[in-house]
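# Model the following, please.
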Amino acid sequence: MPAVPSTVLKVSQNYFIRGGSDRYFFSLAALLEKKGHSVIPFAASQPENLPTPWARYFPTAVNFSSPSPADLVHFLYSRPAARALARLLAEHRPHIAHLHIYYGQLTTAILPILRRAGIPAVQTLHEYRLACPVSTLIDAQGQLCQACSGKDYWRAVAGRCNRGSLARSLLSAAEAYYARLLGGVVDHIDRFITVSHFQRRKLAELGVPAQKMSTVHNFVDVSQIAVNPVQGEYFLYFGRVERLKGIFTLIEAAAPLKDTPLLIVGDGEARAEAQALVERRGLSHIRLLGPKRGEELQQLIGGSRACILPSEWYENCPMSVLEAYAFSRPVIGADIGGIPELVDPETDGWLFPAGDVEALRDRLLTALRNREQTLSMGLAGRKKIERLFSQERHYEQILDIYAKVL
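Here you go, the predicted model:
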């Protein structure tokens with residue numbers, strides 16, 4: 001009988017939903033609690049945080065908008081986070097720690113605290129931070145890049161990979177080097193969970209020990225989501241509004257399709273630029289709605305004809321694909337990263353070459369011209385979720401990972 005932890009410490013920089021990794025953080029916590037585990041959250045204290053009695057242990061967040069010298073130091077190594085976690089562990093005893101994205105706010109300062117307390121640690125990897133100081137394997141020009149090769153982080157400074165900024169890139173590289181100086185993330189984490197086979201292979205290629213990684217795809221709980229046989233009349237993108245997400249490729253592809261609305265839901269660094277482009281070209285059928293959550297987002301997904309994921313970086317297991325399927329909507333996705341692991345062409349969606357405007361426009365037109373096929377593909381996606389990405393299957397896989405380190 002595998003060991004089963006009764007109390008799980010869940011660690012993330014955010015205790016609110018900003019992106020797909022945050023949604024997964026909360027979904028997994030809810031699943032563990034549903035199965036009878038106690039869950040202790042640990043995150044940075046931020047105004048957007050959801051209420052929790054555990055907030056009294058949360059350290060003060062780093063101010064990224066107008067950082068002080070202390071904020072810059074805490075970005076590299078957060079003594080407040082280390083002290084806060086030590087205080088929590090002195091008063092409560094979790095059996096295992098499950099980490100998500102924690103650097104920048106909590107930093108690697110928390111890892112020796114867990115180790116000294118004798119608490120096994122697993123980490124779900126939502127991107128490529130172990131090999132790339134800016135997490136994305138994307139350079140300043142928006143091109144795929146592996147120049148750092150998991151160790152030569154100075155190349156990120158030379159290329160100004162963090163938003164084209166020398167200062168930001170220097171800070172990112174310093175954080176990566178400092179983490180290695182402290183013994184390295186790999187040495188402090190007992191098991192890494194990759195969320196796609198592509199991610200696991202890519203990280204192994206870049207130096208992360210393959211024997212410390214296991215793949216567990218994300219999941220969606222569809223128990224309260226009805227199958228939806230009614231097709232909508234608009235296309236939908238929901239996620240971060242950033243250049244690496246292919247937002248501008250999507251706008252160009254949809255620009256001539258003036259009879260079919262394209263709704264862009266989310267926030268991000270490229271939102272203002274995208275809004276300006278839409279207004280300048282008079283693309284009134286393309287609307288940027290800003291961030292939506294909960295029932296409002298669910299209604300938008302369920303009311304669409306198809307959901308689009310035009311990413312131009314190595315996506316792993318994007319929640320937007322799984323959530324589209326959960327609401328019986330097909331997916332038009334770029335053939336990059338882990339997306340092809342989720343989309344079966346002509347069965348539950350379509351793939352197109354990442355960054356190819358004409359190919360994406362062709363897939364949009366195909367979805368418009370083949371109404372019955374588009375509807376049946378959405379229903380096939382729903383069946384796939386129930387079969388391969390259910391909460392029951394996910395729970396079994398996560399429990400198996402926990403058992404390996406207990």
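# quick one: A140 and R160 touch, right?
Yes - the pair A140 / R160 is scored as a contact, 4.8 Å apart, by CB atoms under 8 Å. Just so you know, the C-beta spots here come from the backbone N, C-alpha and C atoms, and that holds for glycine as well.
# what is in contact with those two at once?
The contact sets of A140 and R160 overlap at S169 (CB atoms under 8 Å, 6 or more residues apart in numbering).
# Run a quick neighbour tally on R305.
21 (other CB atoms under 10 Å).
# The one 5 residues further on now?
The criterion is other CB under 10 Å. On that basis, P310 has 28 neighbouring residues.
# Nearest spatial neighbour of it, chain-adjacent residues omitted?
Distances taken as CB to CB, 6 or more residues apart in numbering place G246 nearest to P310, at 3.2 Å, with adjacent residues excluded.
# Helices of the stretch 201-350 of the chain, start to end?
247-254, 271-280, 294-302, 319-326 (DSSP state H, counting those that start in this stretch).
# Determine which stretch of the ones you listed is the most buried.
helix 319-326 (a mean of 27; mean count of other CB atoms under 10 Å).
# what sits up against that helix?
With CB under 8 Å, 6+ apart, helix 319-326 has contacts from 20, 23-24, 218-220, 222, 225, 238-239, 301, 304, 306-307, 309, 330-331, 333, 339, 342-343, 348, 378, 381-382, 384-385, 389.
# quick one: average confidence on that helix?
Averaged across helix 319-326, the pLDDT comes to 95.
# Could you double-check that L9 lies in contact with S38?
No - the criterion here is CB under 8 Å, and L9 misses it with S38 at 9.7 Å.
# Look at these two and report which has more neighbours.
Set L9 next to S38 and count neighbours by other CB under 10 Å: L9 wins out with 26 against 14.
# That one belongs to a helix?
No - membership of L9 in a helix is not supported by DSSP: H, G, I helix; E, B strand; the rest coil, which gives strand.
# Not counting its neighbours along the chain, what's nearest it?
Computed as CB to CB, 6+ apart, the closest residue to L9 that is not its neighbour in sequence is P94, at 3.8 Å.
# Surely the one you found is within a helix?
No - according to three-state DSSP, P94 belongs to no helix; its state is coil.
# Help me confirm that it comes into contact with I119.
Yes - contact criterion CB under 8 Å: P94 and I119 qualify, at 6.2 Å.
# Between these two, which is the more surrounded one?
Neighbour tally, P94 and I119, criterion other CB under 10 Å: the higher count belongs to P94, 23 against 18.
# Quickly note the distance from that one to P112.
As judged by CB to CB, to the nearest Å, P94 and P112 stand 16 Å apart.
# what about I308, how many neighbours?
Residues contacting I308 under the criterion other CB under 10 Å number 32.
# let me redo that: E269
12.
# any idea what sits nearest it, other than its immediate chain neighbours?
E242 (5.6 Å).
# Helix, strand, or coil at the closest residue to W54 other than its chain neighbours?
Distance criterion CB to CB, 6+ apart; nearest residue to W54, sequence neighbours excluded, is P41 at 5.2 Å. What three-state DSSP gives for P41 is strand.
# pretty sure P41 is touching L50, no?
No - in this structure, P41 is not within contact of L50 by CB under 8 Å, at 9.3 Å.
# which one of these two has more residues nearby?
Applying other CB under 10 Å to P41 and L50 shows that P41 carries more neighbours, namely 21 against 12.
# roughly how far apart are the more buried one and H98?
For P41, the distance to H98 - CB to CB - is 11 Å.
# quick one on the thing from earlier: quick check: the gap between the residue nearest to P310 and G333.
From G246 to G333 the distance is 10 Å (CB to CB).
# Identify the contacts common to these two.
Common neighbours of G246 and G333 (CB under 8 Å, 6+ apart) are 309-311.
# Now, these that are in strands?
The strands, defined by DSSP state E, take in L309 from these.
# can I get the shared contacts of G246 and G333 in a markdown table with pLDDT and distance to A210?
Output for those, formatted as a markdown table (pLDDT from 0 to 100; distance: CB to CB, whole Å):
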| residue | pLDDT | distance to A210 |
| --- | --- | --- |
| L309 | 98 | 27 |
| P310 | 98 | 30 |
| S311 | 97 | 25 |
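# which among the shared contacts of G246 and G333 gets closest to P133?
Among the shared contacts of G246 and G333, S311 lies closest to P133 (CB to CB), at 20.3 Å.
# Walk me through the domains of the protein.
The chain breaks down by automatic domain parsing into domains covering 7-219+391-405, 235-388.
# Just the endpoints, please. Distance across the first one?
Same thing as domain 7-219+391-405. Counting by CA to CA, to the nearest Å, you get 14 Å between the two ends of domain 7-219+391-405.
# now stretch 42-58
OK, stretch 42-58 end separation, CA to CA: 6 Å.
# which other helices and strands contact the helix of greatest length in the chain?
Longest helix in the chain, counting residues (DSSP state H): helix 371-388. For helix 371-388, the packing partners by 3 or more CB pairs under 8 Å, 6 or more residues apart in numbering; DSSP states H and E come out as helix 319-326.
# from the middle of its chain, how far away would the helix it packs on be?
Put simply, helix 319-326 sits 13 Å off its chain's centre (CA atoms, centre = their mean, to the nearest Å).
# Could you tell me the angle between it and helix 371-388?
Orientation check (axes from the mean of the first three to the mean of the last three CA atoms, to 10 degrees): helix 319-326 against helix 371-388 gives 110 degrees.
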